[in-house]
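Q: below are the sequence and a predicted model for it; my questions follow.
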Amino acid sequence: MGIKVGKNQKVKNQVLFFSKPADLALPYLVRFAEIDMGLKKDEEGKVAVLPLIEEGELTHYILVRYKNLKVLEQKLDILFIPKIKQAFESLGKSFVLDLDKTPFGDSLKRNIGDLLALALYRFERYKKEKRKHYLWINDSSRSKKEFEAMVESLQFVRDLVNEPPSEVNPESVEKIIKQLFEDKKDVKIEVIKGQKLKKLGLNGIWAVGSGSQYEPRLVIVRYMPVKSQKPVGLVGKGVTFDS
């Protein structure tokens, strides 16, 4: 995953969002934005990279100009995120995006963080050389723990989906789920498989998985931290064998 949560004072490269050049704090950034990032009538945003020598060190800025907040919200996923990703990946360096220094509301901050986490995901489990550069995102609209949980969950699920069928099958998924919750309190796991599926009338699961050498199964994860609360059920399907 190309996302890290929090601040990193050692990383000087920055991603900066702005609407007007005057919004940028440094004079040379303002000048660059005025000359090279002017928006025409039909343009709704631009992303540009500016390398600068600061205190004898090369620093890169990924500048993101938007027309107004409404345009940014509407075009975020189709116009801005792909360009930010392209700039980030092409440079191969770590950057900082401090969303607390923007005029954005909590909802927009979360959308930016979520979409960048999706965009910068890579499946690298079998690569010898893994990515060593990251985009550090600081966002106080949610706790660091919550943001990290989202990023880690996204990484986990996408890695699972990208694994070949030789590695991910009903048997291994059961083991993965049990390992995931083995040290969690208030969590109980029940596995229904084989003929028991048919006895309970779960014929759809049985039929889909009957062509595989691995028995299909239903894994029930019960999390009951507060007994008095009304239960919430989340149902998901994972097909690891299909013609």
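A: Arrived safely, thanks for sending. Residues are numbered from 1 along each chain as shown.
Q: how about the secondary structure of Val239?
A: Secondary structure for Val239, judged by DSSP: H, G, I helix; E, B strand; the rest coil, is coil.
Q: now it. Its backbone dihedrals?
A: phi -100, psi 110 (degrees, to the nearest 10).
Q: surely it meets Val208?
A: Yes. Between Val239 and Val208 there is a contact under Cβ atoms under 8 Å: 6.8 Å. C-beta: built from backbone N, CA, C; applies to glycine.
Q: comparing these two, which residue is more hemmed in?
A: More crowded of Val239 and Val208, by other Cβ atoms under 10 Å: Val208, with 15 against 9.
Q: my read: that one touches Pro216, true?
A: Yes. Contact between Val208 and Pro216 holds when scored by Cβ under 8 Å: they sit 6.6 Å apart.
Q: which helix or strand in the chain has the lowest average pLDDT?
A: Taking mean pLDDT, DSSP states H and E as the measure, the helix or strand of the chain with the lowest value is helix 203-209, at a mean of 86.
Q: buried sites along that helix?
A: Of the residues in helix 203-209, 205-206, 209 count as buried by neighbour count, 16 or more other Cβ atoms under 10 Å.
Q: identify the residues contacting the residue nearest to Leu154 when sequence neighbours are not counted.
A: In space, Leu154 comes closest to Ala117 once its chain neighbours are excluded; the distance is 5.6 Å by Cβ to Cβ, 6 or more residues apart in numbering. Residues near Ala117 by Cβ atoms under 8 Å, 6 or more residues apart in numbering: 1, 3, 150-151, 154.
Q: what about those residues, which are in strands?
A: Among the contacts of Ala117, the subset assigned to strands under DSSP state E consists of Ile3.
Q: need the max-distance pair from the contacts of Ala117.
A: The widest separation within these, taken as Cβ to Cβ, falls between Met1 and Met150 and amounts to 10.6 Å.
Q: ok, longest helix in the chain?
A: If you go by DSSP state H, the chain has its longest helix at helix 144-162.
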